[in-house]
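Q: after the sequence you'll find the predicted model.
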Amino acid sequence: MGDLNLIHMWQQMGFVAKLVAYILFFMSFWSVGVFVERWYTFSQARKQSKLYAPQVAKHLKEGRLKDAIALSQSKNFRYSHLAKVVLAGLQEYQFQSESGQALNRDDLLDTVRRAIQRATALTSNDLKKGVSSLATIGSTAPFVGLLGTVVGVISAFQGIAATGSGGIGSVSAGISEALVETALGLVVAIPAVWFYNYLTGRLEYFNVEMDNSSSEMVDYFVKKSN
């Protein structure tokens, strides 16, 4: 490792090899950026939902729908996934109740249920924003690095053929420089896979929470309609 001079290797790289390296750097920055942004969003969603749930439950228990809607629209809970789902159900129920349409109980509940399902799907899709790119980076970065290695090996052999110099020393030097691209691809891919698995686990947890909240909201409106 003492002879590993990355600056010297970079200077010896051709245009294509450097282009591949730039692509891998970009993929690395992208994956780290997505992870940091999603980690912050998920942390805020979990923190705000934890504060939101008992407050909206209190309003609903006391039959104060307008207060529950106002609470759900508060900027203090703009990251809360539960607030978005509950708000959709409350707004739909209030709209149907105040519109004067003669919907029977089952039609009213179906309308509210569909509104909650739409909100759940939209919120889930919003939470997934950027996460799929981590899977793409994790699966393609090693191949991008391998492409750089292949190009580097080809360049090394072309240089040997052009100069007429041979020997294991000159060959191994060129190959070792080319293998840096493969290592760089793995360095980019491994954290991206870790980030993806971590965020996917959090997404599954949020989806379970939203499904539970949706069921509780429908049960609440069933009891309220009796």
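A: Alright, I've got the coordinates.
Q: so for stretch 219-226, mean pLDDT?
A: With pLDDT averaged residue by residue, stretch 219-226 scores 79.
Q: meant to ask about stretch 188-199, not that
A: Stretch 188-199 shows a mean pLDDT of 97.
Q: contacts for it, please.
A: 24, 27-28, 31-32, 34-35, 38-39, 42, 131, 134-135, 137-142, 145 (CB atoms under 8 Å, 6 or more residues apart in numbering). No exception for glycine: its C-beta is placed from N, CA and C like everyone else's.
Q: tell me the contacts of residue 14?
A: For residue 14, counting by CB under 8 Å, 6+ apart, the contacting residues are 151, 152, 155.
Q: quick one: the strands in the protein?
A: Along the chain, no stretch is classed among the strands by DSSP state E.
Q: quick one: low-confidence ranges for it?
A: 1-4, 102, 164-171, 173-174, 226 (pLDDT under 70).
Q: so residue 207 makes contact with residue 124?
A: Yes. Contact criterion CB atoms under 8 Å: residue 207 and residue 124 qualify, at 5.8 Å.
Q: need the contacts of residue 14 in CSV (columns: distance to residue 72 and neighbour count).
A: As requested, the contacts of residue 14 are exported to CSV (distance: CB to CB, whole Å; neighbours: other CB atoms under 10 Å):
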residue, distance to residue 72, neighbour count
151, 55, 19
152, 57, 26
155, 61, 19
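Q: buried ones in stretch 83-102?
A: Using 16 or more other CB atoms under 10 Å as the test for burial, stretch 83-102 gives 83, 84, 85, 86, 87, 88, 89, 90, 91, 92, 93, 96.
Q: sort out for me which of those are in helices.
A: Using DSSP state H, 83, 84, 85, 86, 87, 88, 89, 90, 91, 92, 93, 96 are the members of those that sit in helices.
Q: about what we covered before: pick the one among the buried residues of stretch 83-102 closest to residue 16.
A: Using CB to CB, residue 84 comes nearest to residue 16 of the buried residues of stretch 83-102, at 46.9 Å.
Q: from residue 195, how far out is the closest one?
A: 24 Å (CB to CB, to the nearest Å).
Q: who are the contact partners of the most centrally placed residue in the chain?
A: Centroid-nearest residue in the chain, with CA atoms, centre = their mean: residue 131, separated by 2.3 Å. By CB under 8 Å, 6+ apart, the residues touching residue 131 are 34, 38, 196, 199, 200, 203.
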